[in-house]
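1. Sequence plus the predicted model coming up.
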Amino acid sequence: MLTMTEREIKSKYKLSTLGFFWIVLNPIIQMLVIGFIFRFFTSIKTEIYMMYLFSGLVVWNFFSSSITRSTPAIVSERYLLKKAKFPRETVVLSIVLSNSVQLILSVILMILMALILGIKISYAYSIFLPLSLLLIILFTAGLALLFSSLNVRYRDTNFAVNFLISIWFYATPVIYLSTMLPDWMSRWLYLNPLTGLTEFFRWLILGLEVNNWPFLIGNLILAFLTFVIGSYVFWKKSLDFDDWI
Amino acid sequence: MKNGEIVLKEVSKTYNSRQGRNVFVALDKVNLKIEPGDRIGLIGRNGSGKTTLLKIIAGIARASRGEVRVEGKVNSLLEIGAGFHPDLSGLDNIMLNALLAGMSRNEVLKSKNKIVEFSDLGEHIGMPFYTYSSGMKLKLAFSVAVAANPDILIFDEVVSMGDEKFIKMFKDYFLEVLRQKKTVLFATHVLEILPLYCDKAVWMEDGRVVMFGETEKVIKKYLKVKRQNLG
């Protein structure tokens, strides 16, 4: 598993000139562009909004890139799967795990940036930060396993997921604050576990107020359940992968 | 059961089409008992079920019905280059491929030098895999397969696509395997080489085992029937 992850990271960046620098560059540029445009729309202080945006993008980029890369993975690695016997989940989990390395690096970068900009970081609950990241990773892994195994038999899954991801972005408080929305609307946001996961993460690191605690806790449990269900479906389906690829 | 033993009882494999209307029978109630150290050649036309049989024994596909019992570590070379990553170097690929073949990280680190030596790739070992010629790819694949030390080895049509040099290399490799007294399964279209490598043969037709016995006898009968069908 670790070697597959290493393979994933190495092969991804080995032949590019800037290499690992891309991990850092990507969210920064996104943050600057979106931040620049949004300063015309919001009355929030720019630095704080930038941090808000950055923390949201860190989580979102991890989630979306893991899902879009994992969903077709079983099918695209068919030449490996059809020819060798090994635990099938390694293909998907190595993608999620290699993205997790980027996620953790981005979080470290984010903390450094906040220190440089002189933005107060709340350390009070920082012991929960690993838990928060773990839940984000588990939720993503659960969906990645689910989608990738469904895509083996139902190839429409990949198209549906790509479509879903582009809408999902707006259903997650990445570029906006859930407190900016009317109450009836922000409640619906919690149907999406990523809302709770992102808010929990922001509460821990930026000390931002949480909109709705009971819903947030529910989200965290839902995220864990997603992992359990995704793993189960994948395991069930993986026995017959060879028939469909 | 002993290590290297394979027992198939009434094994069938059916494939459904995506719409679920058509059913294709790839294996039809196959019975087979293979002893440890047996070297079995599989012959039969394309689509007779050879690859499906090998895949089920290798654990890649699941039998639809019947009982499959395979004892010991299996290593399958179903296609050259499978289990390697084109962008990684030969060295990195040794690690990747050996782990896929079921070695532990420590085992690989211990036998890495031996693998490199056996592969005879010299300075190419540090180059990305996509720069390798097919012969070099094969050398690396064989070297790892030897080091992984499996109880059962499976080959699918490996020899038929190679040239003379390739066949010679395969022979060297096979002698090494013979020395270790492994169970070997070997599907091929090149009947002439079969007696060199295999002491028994399985003749398959339409998903069924037509004949299982000594290589020479099976080939003789197979050719006879083939000639009759032509004439």
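-> Here it is on my side, so go on.

2. and residue B:15, helix, strand or coil?
-> Assigned by DSSP: H, G, I helix; E, B strand; the rest coil, the conformation of residue B:15 is strand.

3. Identify the residue spatially nearest to the spatially most central residue of chain B, adjacent ones excluded.
-> Central residue of chain B (C-alpha atoms, centre = their mean): residue B:155, 1.7 Å from the mean position. Leaving aside its chain neighbours, residue B:155 sits nearest to residue B:186 (4.8 Å; criterion: C-beta to C-beta, 6 or more residues apart in numbering or on different chains). All C-beta atoms are positioned from the backbone trio N, CA, C, and that covers glycine.

4. Is it correct that the one you found is in contact with residue B:38?
-> No: contact status for residue B:186 versus residue B:38: not in contact, 10.8 Å apart, counting by C-beta atoms under 8 Å.

5. Just want to know which of the two has more residues nearby.
-> The residue with more neighbours, out of residue B:186 and residue B:38, is residue B:186; 26 against 18, by other C-beta atoms under 10 Å in any protein chain shown.

6. my guess is the more buried one is in a strand, correct?
-> Yes: membership of residue B:186 in a strand is supported by three-state DSSP.

7. so what's it bridging to?
-> residue B:41, residue B:155 (DSSP bridges).

8. For residue A:201, list the residues it contacts.
-> Contacts here follow C-beta atoms under 8 Å, 6 or more residues apart in numbering or on different chains; on that basis residue A:201 touches A:55, A:59, A:129, A:132-133, A:136.

9. now the residues you listed as TSV including secondary structure and neighbour count?
-> Listed next are those as TSV, based on DSSP: H, G, I helix; E, B strand; the rest coil; neighbours: other C-beta atoms under 10 Å in any protein chain shown:
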residue	secondary structure	neighbour count
A:55	helix	24
A:59	helix	25
A:129	helix	16
A:132	helix	23
A:133	helix	19
A:136	helix	24
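
10. Quick check: which of the residues you listed are also close to chain B?
-> Taking C-beta under 8 Å from any C-beta of the partner chain as the test, chain B is in contact with none of these.

11. wait, which of those residues is closest to residue B:216?
-> residue A:136 (63.8 Å; C-beta to C-beta).

12. Name the nearest residue to that closest one, ignoring sequence neighbours.
-> Counting by C-beta to C-beta, 6+ apart, residue A:136 lies nearest to residue A:197, which is 5.1 Å off, once chain neighbours are set aside.

13. buried stuff in the strand or helix carrying that neighbour?
-> Secondary structure assigned from DSSP states H and E places residue A:197 in helix A:193-206. Using 16 or more other C-beta atoms under 10 Å in any protein chain shown as the burial criterion, the residues of helix A:193-206 that qualify are A:193-206.

14. count of residues packed around residue 224?
-> All of this refers to chain A. What residue A:224 shows, counting by other C-beta under 10 Å, is a neighbour count of 16.

15. not quite, I wanted chain B
-> 10.

16. Residue A:104 now?
-> Residue A:104 is flanked by 15 other residues according to other C-beta under 10 Å.

17. ditto for residue B:65
-> Applying other C-beta under 10 Å, we find 12 residues neighbouring residue B:65.

18. Kindly list the main-chain dihedrals of it?
-> Phi and psi for residue B:65, reported as degrees, to the nearest 10, are phi -140, psi 160.

19. so it makes contact with residue B:10?
-> Yes: using C-beta under 8 Å, residue B:65 is in contact with residue B:10, at 6.9 Å.

20. quick one on the thing from earlier: which among the contacts of residue A:201 gets closest to chain B?
-> residue A:133 (25.7 Å; C-beta to the nearest C-beta).

21. contacting residues for that closest one?
-> A:100, A:103-104, A:107, A:201.

22. out of those, which are inside strands?
-> If you go by DSSP state E, the contacts of residue A:133 have nothing in strands.

23. Of those residues, just say which sits nearest to chain B.
-> When those are ranked by distance to chain B (C-beta to the nearest C-beta), residue A:100 comes first, at 19.7 Å.

24. Specify the local secondary structure of the residue of chain B found nearest chain A.
-> The minimum distance from chain B to chain A, using C-beta to the nearest C-beta, falls at residue B:82 (3.5 Å). Applying three-state DSSP to residue B:82 yields a three-state assignment of coil.

25. The closest residue in space to residue A:107 that isn't next to it in sequence: how many residues sit nearby?
-> Ranked by C-beta to C-beta, 6+ apart and with sequence neighbours excluded, the top spatial neighbour of residue A:107 is residue A:58, at 6.4 Å. The number of residues packed near residue A:58 is 26, by other C-beta under 10 Å.

26. what's the helix ranked longest in chain A packed up against?
-> Of all the segments of type helix in chain A, defined by DSSP state H, the longest one is helix A:89-117. Counting contacts by 3 or more C-beta pairs under 8 Å, 6 or more residues apart in numbering or on different chains; DSSP states H and E, helix A:89-117 packs against helix A:2-13, helix A:21-38, helix A:46-70, helix A:73-76, helix A:129-153, helix A:193-206, helix A:213-238.

27. Report the angle between that helix and helix A:129-153.
-> 140 degrees (axes from the mean of the first three to the mean of the last three C-alpha atoms, to 10 degrees).

28. Would you mind listing the buried residues in helix A:89-117?
-> By 16+ other C-beta under 10 Å, the buried positions in helix A:89-117 come out as A:89-100, A:102-103, A:106-107, A:109-110, A:114.

29. now the end-to-end length of stretch A:185-196.
-> Start-to-end span of stretch A:185-196 (C-alpha to C-alpha, to the nearest Å) is 15 Å.

30. Centre of the chain to stretch B:113-129, how far?
-> Averaging C-alpha positions (C-alpha atoms, centre = their mean, to the nearest Å) puts stretch B:113-129 23 Å from its chain's average.

31. I meant to write stretch A:144-157 there.
-> How far stretch A:144-157 lies from its chain's middle: 18 Å, per C-alpha atoms, centre = their mean.

32. Let's test this: mean pLDDT of that stretch, rounded?
-> Mean pLDDT, computed over stretch A:144-157, is 93.

33. just for chain B, where's the confidence low?
-> Residues of chain B that meet the criterion pLDDT under 70 lie in B:20-21, B:80-81, B:158-167, B:169-170, B:177-178, B:231.

34. which parts of it sit against chain A?
-> Neighbours of chain A within chain B, by C-beta under 8 Å from any C-beta: B:15-16, B:18, B:55, B:58-62, B:74, B:76, B:78-79, B:81-83, B:85, B:87-88, B:92, B:95-96, B:99-102, B:105.

35. Might you report the residue contacts of residue B:29?
-> Residue B:29 neighbours (C-beta under 8 Å, 6+ apart): B:10-12, B:66, B:208.

36. which one of those residues sits closest to residue A:243?
-> Nearest to residue A:243 among these, with distances taken as C-beta to C-beta, is residue B:12, at 13.4 Å.

37. Now for the closest one, how many residues are close by?
-> Applying other C-beta under 10 Å, we find 15 residues neighbouring residue B:12.

38. Can you verify it is assigned to a strand?
-> Yes: looking at residue B:12 with three-state DSSP, it is inside a strand.

39. pretty sure it is touching residue B:25, no?
-> Yes: the pair formed by residue B:12 and residue B:25 meets the contact definition of C-beta under 8 Å, at 7.1 Å.

40. pLDDT score for residue A:193?
-> Note for residue A:193: predicted pLDDT of 91.

41. Next: residue A:67.
-> Residue A:67 carries a pLDDT value of 96.

42. do the same with the one 10 residues further on
-> The pLDDT attached to residue A:77 in the predicted structure is 82.
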